[in-house]
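> Test case, fold it:
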Amino acid sequence: MARVAGMASRLVRGTAIASGIAAVAGLGIGFAAGEPVRAKDIAPARKLPADLCSRLGDISILLPAATTPVPFTQTGANDVHCQAKVDESTQPAYTAATVDVTITPQAGKAPGAGQPPIPPEVAAKQAFERKPWDDVEDRPYPTRSHVTGQAGGQDWLISVLVQRADIVVQVDYKAYPVEREKAEQAVLVLADRAIWESK
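Numbers count the residues shown, from 1 in each chain. Below you'll find the predicted structure:
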C-alpha cells in the first residue's frame, strides 16, 4: 500500500512539474510555433512635436557672432530634421557654420522566424550600435562621437549620436574657425536638449 501511495505521489509531483514547464514554455508558444507576426503586432514610431526644433532653444552660440538671426528650420514628418546654416559669403570675416540635428523615433521591427516583434527601444539600440564611432564616457545616455579635422586647426566637423529609449539623435556641426573642445561640449548640450524635448 505504501509503495502504491509513493508511486502516486511521484506521479502527481511529476505531473505538476511538467504542467509548470508547459505553462512557462507556453508564454511564447505562438511565435515559437511559427505563427506569423501581424503588422498590428509591431509598435509604430512615436509622433514627434510639430515645433520640436524651436523647442531646442537658442543655438546662436554655435553660429558666427556677426550674423543676423538665422532660422532653425524643421523638416520631416517621421524623422525630424533641424538645420541652421551661415555661409561664408554672407559674413564680413572668414567664418561659416552649419548645424544639423536629426531626431529619429524608432518603430518596432519584424522579427526573425518564430520570434516575437522587436520593440522600438531595442531597434533604437541596434541603430545606435551600428555607428562605428567612439564611445563617450560619463554620459547620462549612450553616446558616440566622430570628429574630423586637423590637430591645431580651427576647421572641424563634429558629429554626435545619442540614444535614449526609442529615440536616436544625431547632431552634425561643421564650423570654422572654432575651438574643438568648446564645440564638442556645445554639440553634446544640443543633443541632450533634443533627447529631452522629444520625450
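> Please enumerate the helices of the protein.
Under the criterion DSSP state H, helices of the chain are mapped to 2-25, 29-32, 52-55, 120-129, 180-197.
> Check which residues of the fourth one are buried.
When you say that, I think you mean helix 120-129. By neighbour count on 16 or more other CB atoms under 10 Å, the buried set for helix 120-129 is Pro120, Glu121, Ala123, Ala124, Lys125, Ala127, Phe128. C-beta here means a position set from N, CA and C on the backbone, and glycine is covered the same way.
> what's it in contact with?
Residues outside helix 120-129 that contact it (CB atoms under 8 Å, 6 or more residues apart in numbering) are 43, 45-46, 104-109, 118, 142, 144, 161, 163, 165-168.
> Going through those residues, which ones are buried?
For the contacts of helix 120-129, buried by 16+ other CB under 10 Å: 43, 45, 104-109, 118, 142, 144, 161, 163, 165-168.
> So which of these belong to strands?
Using DSSP state E, the members of those that fall in strands are Thr104, Pro105, Arg144, Leu161, Gln163, Ile167, Val168.
> Over to the closest residue to the third one other than its chain neighbours: give its phi and psi.
In this case it means Arg144. Using CB to CB, 6 or more residues apart in numbering and skipping residues adjacent in sequence, the residue nearest Arg144 is Trp133, 3.8 Å away. In terms of degrees, to the nearest 10, the main-chain angles of Trp133 are phi -100, psi 180.
> mind checking pLDDT for Trp133?
We note a pLDDT of 97 for Trp133 in this prediction.
> what number of residues lie near it?
Trp133 has 14 neighbours, counted by other CB atoms under 10 Å.
> Cool, thanks, signing off.
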